[in-house]
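A.B. asks: predicted model and sequence follow; I will ask about them next.
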Amino acid sequence: MNNILFITRYYGEMLGGTMCSQRNIDSLKEIYDNVYEYRITDKNGFRFYISRIAQLCHGYMGGIDYKDIQSIKKIIQKYHCQTVFIDSSLLGKLAPILRHTFNKIKIHVFFHNCEYEYIKSIYHGLKQYLYTHWTFKGERDACKYADKIIVLNQRDAALIRAHYKREADAYIPISLKDQTEHIISPIPFDNEIPYILFIGSYFPPNVQGIKWFIKEVLPYINIPLLIIGRHMEQLSIPSTLQQKVKILCNVENLTPYYQKALCMVMPIFIGGGMKVKTAEALMHGKTIVGTKEAFEGYETNTPGIFFECHDKNEFINAINKSLSQKHLYNADSRELFLKKYSFKATLKQFKELSSPTN
């Protein structure tokens with residue numbers, strides 16, 4: 001039997017990390033005889049303090065503690081798992097522990113991004129010092145003890161090479177199961193002015209980006225902005241622009257909102273890995289106006305899909321150009337999704353990674 005244990009963190013519902021993790025385990029289920037999952041969640045009560053002590057003493061990141069480690073070892077032994085797939089480099093400390101316990105086991109580590117660089121960009125002060133120190137050691141261990149290192153894009157591979165002197169073994173970009181193949185169709189541009197769409201939870205890079213966009217770009221375009229994201233009701237909108245902004249927080253089905261949007265806007269300035277919402281916009285056949293960070297890892301050489309903007313004037317011009325063209329559906333975006341960023345497109349790469357000859 002070809003058994004694998006998938007070890008993952010819980011990022012939260014509808015977050016990009018969760019969607020990527022779900023893609024990973026769904027892909028493995030297409031390949032292995034049995035896939036067992038161990039999910040690390042936030043600790044509560046007394047165990048929260050124990051896990052914090054373990055973090056301080058051993059540098060564990062990703063919410064893992066001693067009890068998690070023991071549970072993982074028991075699952076490997078009980079189900080005779082020949083492979084473990086560690087679904088975050090924040091859990092890199094597991095790699096040497098499992099290597100020393102099960103010396104013949106295959107260890108694959110998936111880097112959602114270079115966490116060391118990402119954490120350095122979003123934290124400050126003591127947290128930055130401690131978290132980057134622990135994360136560096138964990139990612140270094142992952143690179144030292146893993147049989148296979150998987151990354152999303154060339155940028156992350158270059159950072160891993162620079163920091164840890166390890167080459168990535170596979171590049172598997174963000175991909176999604178096609179949720180729109182039976183319902184998507186070109187939407188006519190009627191007399192009603194549509195909206196531009198921003199999707200993202202109340203998370204520092206999203207908040208920073210959309211606040212900048214509202215201040216610098218929105219006053220100069222003749223189209224409203226729809227924001228959809230968990231806890232985005234906390235966003236402060238200037239009183240002079242409140243009539244041009246609508247916020248929805250708990251939306252289960254995004255497809256109707258994508259279909260009626262003129263384009264997707266992605267003013268994201270910091271981050272790592274790849275943005276899942278970019279792939280989602282491609283799946284829905286949308287033109288995307290965003291920053292370089294929003295497009296990191298994507299093939300952007302097809303004209304008319306991605307409008308990369310470096311300042312407010314480029315955002316204004318790109319949106320006004322989309323408004324003048326009066327197209328809500330971009331067939332080229334949809335085609336690129338099917339070719340490069342659909343679940344079927346990346347499954348082949350997972351199969352190659354898991355081949356006995358590799």
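C.D. replies: That came through, no problem. Not measured: the values here are computed from a predicted model. Residues are numbered from 1 along each chain as shown.
A.B. asks: next structured bit after the lowest-mean-pLDDT helix or strand in the chain?
C.D. replies: Taking mean pLDDT, DSSP states H and E as the measure, the chain has helix 45-58 as its least confident helix or strand, at a mean of 78. Using DSSP states H and E, the helix or strand that follows helix 45-58 towards the C-terminus is helix 66-79.
A.B. asks: and that next one, C-alpha only, in PDB?
C.D. replies: Taking C-alpha atoms only, helix 66-79 is exported to PDB below (Å, rounded to 0.1, in the frame of the first residue of the first chain):
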ATOM      1  CA  TYR A  66       4.900  18.200  21.800                       C
ATOM      2  CA  LYS A  67       1.500  16.500  21.700                       C
ATOM      3  CA  ASP A  68       1.100  17.200  18.000                       C
ATOM      4  CA  ILE A  69       4.500  15.600  17.400                       C
ATOM      5  CA  GLN A  70       3.600  12.500  19.400                       C
ATOM      6  CA  SER A  71       0.200  12.200  17.500                       C
ATOM      7  CA  ILE A  72       2.000  12.500  14.200                       C
ATOM      8  CA  LYS A  73       4.400   9.700  15.000                       C
ATOM      9  CA  LYS A  74       1.600   7.400  16.100                       C
ATOM     10  CA  ILE A  75      -0.300   7.900  12.800                       C
ATOM     11  CA  ILE A  76       2.800   7.100  10.800                       C
ATOM     12  CA  GLN A  77       3.400   3.900  12.800                       C
ATOM     13  CA  LYS A  78      -0.300   2.800  12.800                       C
ATOM     14  CA  TYR A  79      -0.900   3.300   9.100                       C
END
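A.B. asks: tell me the mean pLDDT for the helix or strand just after it?
C.D. replies: Sequence-wise, the next helix or strand downstream of helix 66-79 (DSSP H and E) is strand 83-86. What strand 83-86 shows for mean pLDDT is 98.
A.B. asks: quick one: strands adjacent to strand 83-86?
C.D. replies: strand 3-9 (parallel), strand 106-110 (parallel) (DSSP bridges).
A.B. asks: which of the residues in the very next helix or strand once past the first one are buried?
C.D. replies: Right, the one you point to is strand 3-9. For strand 3-9, the succeeding helix or strand toward the C-terminus, using DSSP H and E, is helix 16-29. Across helix 16-29, burial judged by 16 or more other CB atoms under 10 Å covers 16-21, 23-25, 27-28. Glycine gets a C-beta too; all of them are placed from N, C-alpha and C.
A.B. asks: mind putting these in JSON lines, distance to residue 278 and pLDDT included?
C.D. replies: Output for the buried residues of helix 16-29, formatted as JSON lines (distance: CB to CB, whole Å; pLDDT from 0 to 100):
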{"residue": "16", "distance to residue 278": "10", "pLDDT": "74"}
{"residue": "17", "distance to residue 278": "15", "pLDDT": "82"}
{"residue": "18", "distance to residue 278": "16", "pLDDT": "86"}
{"residue": "19", "distance to residue 278": "12", "pLDDT": "89"}
{"residue": "20", "distance to residue 278": "12", "pLDDT": "92"}
{"residue": "21", "distance to residue 278": "17", "pLDDT": "93"}
{"residue": "23", "distance to residue 278": "14", "pLDDT": "95"}
{"residue": "24", "distance to residue 278": "18", "pLDDT": "96"}
{"residue": "25", "distance to residue 278": "21", "pLDDT": "96"}
{"residue": "27", "distance to residue 278": "19", "pLDDT": "97"}
{"residue": "28", "distance to residue 278": "24", "pLDDT": "97"}
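A.B. asks: so which of those residues is the closest to residue 208?
C.D. replies: When the buried residues of helix 16-29 are compared for distance to residue 208 (CB to CB), residue 16 wins out at 16.0 Å.
A.B. asks: I figured that closest one hits residue 278, correct?
C.D. replies: No: the pair residue 16 / residue 278 is not scored as a contact, 9.7 Å apart, by CB atoms under 8 Å.
A.B. asks: any weak-confidence spans in the stretch 1-150 of the chain?
C.D. replies: 10-15 (pLDDT under 70).
A.B. asks: switch the cut-off to 80
C.D. replies: Within the stretch 1-150 of the chain, the stretches with pLDDT under 80 are 1, 10-16, 42-46, 48-57.
A.B. asks: the stretch 251-358 of the chain now?
C.D. replies: Where the stretch 251-358 of the chain drops to pLDDT under 80, the residues are 325-326, 354-358.
A.B. asks: which parts of it are helices?
C.D. replies: Secondary structure of the stretch 251-358 of the chain (DSSP state H, counting those that start in this stretch): helices at 255-259, 276-283, 312-325, 331-336, 343-353.
A.B. asks: ok, which of these comes nearest residue 230?
C.D. replies: Judging the helices of the stretch 251-358 of the chain by CB to CB, what sits closest to residue 230 is helix 276-283, at 12.9 Å.
A.B. asks: the closest one packs against which elements?
C.D. replies: Counting contacts by 3 or more CB pairs under 8 Å, 6 or more residues apart in numbering; DSSP states H and E, helix 276-283 packs against helix 16-29, strand 261-266, strand 288-290, helix 331-336.
A.B. asks: what does that helix contact?
C.D. replies: For helix 276-283, contacts defined as CB atoms under 8 Å, 6 or more residues apart in numbering pick out 16, 19-20, 174-176, 178-180, 199-200, 254, 258, 264, 266, 288, 290, 294-295, 298, 305, 333-334, 336-337, 341-342.
A.B. asks: so which residues of the stretch 51-200 of the chain form helices?
C.D. replies: Per DSSP H, counting those that start in this stretch, the stretch 51-200 of the chain carries helices over the ranges 66-79, 94-101, 115-122, 125-145, 154-164.
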